[in-house]
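>>> Sequence and predicted structure below; questions after.
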Amino acid sequence: MSFYGNFIAHTPKFDFVGKRLIAFALTATLIIGTFVSIATRGFNFGIDFAGGILIEVQTTDGPANIAKMRDQLGNLSLGEVSLQQFGETGRDVMVRVQKQDGDEKAQMAALAKVKETLGAGYDYRRVEIVGPKVGDELKRDGVLAVALSVLAIAAYVWFRFEWQFGVGALIATFHDVILTFGFFSVTGMEFNLTSVAAILTIAGYSINDTVVIYDRVRENLRKYKTLSIYELLNLAVNETLARTFLTVATVFLTVVSLLVLGGDVLHGFAASLLWGLVVGTFSSMYVALPVLIYFRLRVGKDREEDEAAAQAAP
Amino acid sequence: MLQFPKWKIVMVLLVALCGAIWSAPNLLPRETTDRMPSWWQPVSLGLDLQGGSYLLLEVDTAYVKRELLSGLVEALRATLRKEKVRYSELGSSGLDTVKVRISDEAERERVRPELRKLDPEALLEVSSDGMFVFTYTEQAMAKRINQAVEQSIGIVRRRVDELGTREPSIQRQGTDRIIVQLPGVKNPEHIKSLLGKTAKLTFHLVDDTASPEDAARGRVPPGSVLLPSAESGRGLPSQYVVRKRVEVGGDLLTDSQATFQNGQAVVSFRFTVAGGKRFADTTSANAGKMLAIVLDEKVISAPRINEPILGGSGVITGTFTTQEANDLALLLRAGALPAPLQVLEERTVGPDLGADSIQAGAIASGVGLITVIVFMVLIYGTLGLLANVALVLNLVILLALMSVLGATLTLPGIAGIVLTMGMAVDANVLIYERMREEQKAGRGLISTVQVAFERAFGTILDANLTTLAAAALLFQFGSGPVRGFAVTLSLGLLSSMFTAIMVTRLMVGTWIRWRRPKTLPL
C-alpha cells in the first residue's frame, strides 16, 4: 500500500450538502460583487475586442527611454496612447493606441505614423491592429461561443442524465463563467480572445468535475434505494473526493508551470485558469451537487418504477 | 479481463508505433526535416510561433456593385448613340437598378432586343411611358461579387508571389474576406501598400472640348469625367478632363518592367496581340490628341500622340522613384483587382518573439510533464508508472495526429498541450480510485480490475465529451491562435481516452499476469 493509500484508507464523511446555505451565500456574494465590479469598473478590453493598435518593441541597444517615447507618441493626437515597459532588460516596451475614429484606413495610418515617429533603433516584435469591424465581430463571436457552450454542456448532461442534472450543470457552469468574468473585471487584467478560450476551458473543466460527481449520484440512486437524498448526495461527493483532489492537483501543477514558465503572452491565460480551477472545483461540490436536493430526484424515478410494477402485475 | 484478443494488442502496438513514427520529425532540427518527404513532417507552427504576418482583407462589395451598374450605363449609352436613339434620364438608382427613358415608341421597339442583350443577368422591365428598368436580382449580384472575390484572390496571390514571399497562404473567408498569411514577413507595410492598390490601368483620350477649370465648376461634358493628376506640380496640370470611354485597358497587357529612360525611372509595357491592335487603331485615329494614362482614377501622365504606335508596346513616364516604378510594373504584371481591398486586421509577430514563445512553451511543457509524472508515481507507485507510460504515449499520439492532420500549433495550442497533460491523467485517476473502492468493498483482484474499468469508462466518456463540446464551439467561433488551442485540446482529449482506456487496461492486465500480486498496491 502506497503512502497515499494509507492516508486515504477510509471514505471521508464531510457534510457538504449541510453547508449548502453557507456556500450559496458565498456564491451569491461573489456574483453580486462581480456584477458591481462589471457595472462600475467594467473590463479592460484588449484590442481584440476594443479595436486599436498594439505594438511590442524592443530597443536595439540599451534600455528604452520610455519618457521620450511617451513624449513623441503623445504629440501625435492619436487619442489615448499607453506605454508599458516590461521584461528584465528594460528594452521591451508595449505600446497601445486606442481605436481611431473612422474606418480601417485610419487605423493603418495611425500605425504608419507611430512607426515613422519612433524611427530607427527599435525592433518590432509584435504588431496587432484590429479595425472596428473585426472588433465588433470578435466580440459577438466571443459572446456566442460562451453562451452556446454553456447551453451545449447543459443539453448534453440533460441528455445523458435527467433534466434535474441538466439544470444543475447549467447553474454551475453559469456560476463559473460569471465568476471568471468577475475575475477579469476585478483584477483589471486584459480581456481578449485568449480570455474567452480560458473561460470555455474553465467551463469544460468544471463540467468534467461535475459530471464525475453526478455520475456517482446516478449510480447511488440505483444502488441505495432507501438512503435519503441528503445522505446520498453527501456520499457521492465524499466517494469521489479523492479523485477530485488528485485531478485538481495534477491540473494545478501543469497550470502553475504555465503561469511561471509559459511567457508573457500566456501569463494572463494561466492566471485565469488557476482562478477557474478553484471556482470550478468549488461549484461542482457546493453548487452543482446541492441544488439537486431541491429537484426531488427520486419522485420521477420511483413513480416510473411503480407504474412499471403495476403494469407487470396481473 | 487478463486475456486480450490478439487484434487488440496488435492494434495498440500499431497505434503506438505509428505515433512514434509520425511524431519523430518534431524532435529533429528543421534543416533536416525540410528535406524529408511531405508525409513525414513536423507539426506546422502558427505565425505566432514561427513569426510572420497575418492580414485579413475585405473586398469592397459596394464598389463591385457600383462598377456593375456603371458598366451597364456606359454600355447603354454607347449602344443608344450607335443606334442614334434619343434618350433621357440615363443613370443608375439605388444599388441594383439602371434606368433609361426612350420616349419614341417606334425607336423603343427597334432597340429593345439590342438593349436586352447587353446584360442577360439583369431583369428588364419596360413601362408604358418608355422607361427601361434593368434590375439585378440578389443572386445575380451575389454571383458577380463571388467572381470578384475569386478574381481578387488570384490577383493577391500573384502580387504576393511576385514579391518572393516564402510559402504564403491565401484563403477565402466568408463571402467577401481574404486571409493572407505570410510566414517570415517581419514588416508587412510594403505588401500592405501593394495590396491596397487596385492597379486598374486604362488609356483614355483627353477631352479637349472643356477645360479642367470649366469642368471643376460643374460643367463636365456628358461622357467625360474630371480626374485628378497623380502627381501635380512641375508644370503639370492638377486635373484632366478625360473621356469615360476606355480605349485600351490594362487587362490587355502581357508584360511590364521598370527601366530607365534618360536617367528617369519609367515603366515599359507590352500589349497582347488584341491590345496592340487596339492601341495602334487608337493612336492612328487620334494623332495630335492627348492620351491619358489613368491608374486608379488618377492620371499618371497624358502625352500627346505624335505618331501611330504600331509596335504593341510603350512606356509610361511620370515622376516615379525607382521603387515606385518597380511597384507599378509588378502591379501591372499581376493584374488589376476588380475592387479595392481593405485591411481589416493585421497581426505580425517577429521571429525573435516567436522563438522566445516556443522556448517558454517547451520549458513549461517539460516542467509540467515532469511534475505530473513525479506526482503520479508518489501517489500510485507502480500503477502510477503505468499511467505515466500512457501519458507519454498520449503526448506522442497527439503530436503525431497534429503532424498528420496538418493542424497548426499555436502558442495557446502549447497551453492546450500542457493542460491536456493535467487532464489526461484524470482518466487514470478515475480508474485507479475506482479500483481502490472496489478492492476495499471486498472484491477479488480480477473482478476489481474488471469492474473498475467498466464503471470508470462511462464516467470518462461523459466527462470528456462535455469538455469536447466546449472545445468544438471554441473552434467554431474562435479565430487564429485560439482555434489552435481548441484543436490541440480536442485531439488531446480523444487520444487520452484511447490511452487511458485501451492502453492502461492492456498494461495493467499484463502487469498483473506477470507479477501475479495478491492485491492491487493502492
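Right, received. Where do you want to start?

>>> Can you say which helix or strand has B:Trp514 in it?
B:Trp514 belongs to helix B:504-515 when assigned by DSSP states H and E.

>>> which residues are in contact with that helix?
The contact list for helix B:504-515, computed with CB atoms under 8 Å, 6 or more residues apart in numbering or on different chains, reads B:1-2, B:4, B:8-9, B:12, B:382-383, B:386-387, B:389-390, B:427-428, B:431, B:445, B:449, B:453. Quick note: C-beta positions are derived from backbone N, CA and C, even for glycine.

>>> near chain B, which residues of the stretch 51-200 of chain A?
A:56, A:58, A:103-105, A:108, A:111-112, A:115, A:123-131, A:133-134, A:138, A:141-142, A:144-145, A:148-149, A:152-153, A:156-157, A:160, A:193-194, A:196-197, A:200 (CB under 8 Å from any CB of the partner chain).

>>> Got a PyMOL select line for the buried ones in those residues?
To isolate in PyMOL the members of those that are buried, counting by 16 or more other CB atoms under 10 Å in any protein chain shown, one can use:
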select buried, chain A and resi 56+58+104+108+111+115+124+125+126+127+128+129+130+131+133+134+138+141+142+145+148+149+152+153+156+157+160+193+194+196+197+200
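
>>> Please name the residues that touch residue 276.
Assuming you mean chain A. The contact partners of A:Gly276, by CB under 8 Å, 6+ apart, come to A:176, A:180, A:198-199, A:201-202, A:205-206.

>>> not what I meant, chain B
For B:Gly276, the contacting residues are B:270, B:310-313, by CB under 8 Å, 6+ apart.

>>> still on that earlier bit, show me which residues of the helix holding B:Trp514 are buried.
Judged by neighbour count using 16+ other CB under 10 Å, the buried positions of helix B:504-515 are B:504-509, B:511-512.

>>> Looking at these, spot the one nearest B:Leu57.
B:Thr504 (48.7 Å; CB to CB).

>>> The one residue in the stretch 51-200 of chain A that gets nearest to chain B: what's its closest spatial neighbour, skipping adjacent residues?
In the stretch 51-200 of chain A, the residue found nearest to chain B is A:Ala145; the distance is 3.6 Å by CB to the nearest CB. The shortest distance from A:Ala145 to any non-neighbouring residue, by CB to CB, 6 or more residues apart in numbering or on different chains, is to B:Phe477 (3.6 Å).

>>> Same check on A:Ser272?
Per CB to CB, 6+ apart, closest to A:Ser272 is A:Ala198, 4.3 Å.

>>> Quickly find the element holding that neighbour.
helix A:193-223.

>>> The longest helix along chain B: what's the following helix or strand?
Selection of the longest helix in chain B by residue count, based on DSSP state H, yields helix B:445-477. Following helix B:445-477 in sequence order, the next helix or strand is helix B:481-498 (DSSP H and E).

>>> and that next one, how far out from the chain's middle?
How far helix B:481-498 lies from its chain's middle: 24 Å, per CA atoms, centre = their mean, to the nearest Å.

>>> what's that helix packed up against?
Counting by 3 or more CB pairs under 8 Å, 6 or more residues apart in numbering or on different chains; DSSP states H and E, the packing neighbours recorded for helix B:481-498 are helix A:193-223, helix B:382-405, strand B:408-409, helix B:411-440, helix B:445-477.

>>> returning to that earlier point: got a list of what the residue nearest to A:Ala145 touches?
B:Phe477 is in contact with A:141-142, A:144-145, A:148, counting by CB under 8 Å, 6+ apart.

>>> Out of those, list just those in helices.
Using DSSP H, these in helices are A:141-142, A:144-145, A:148.
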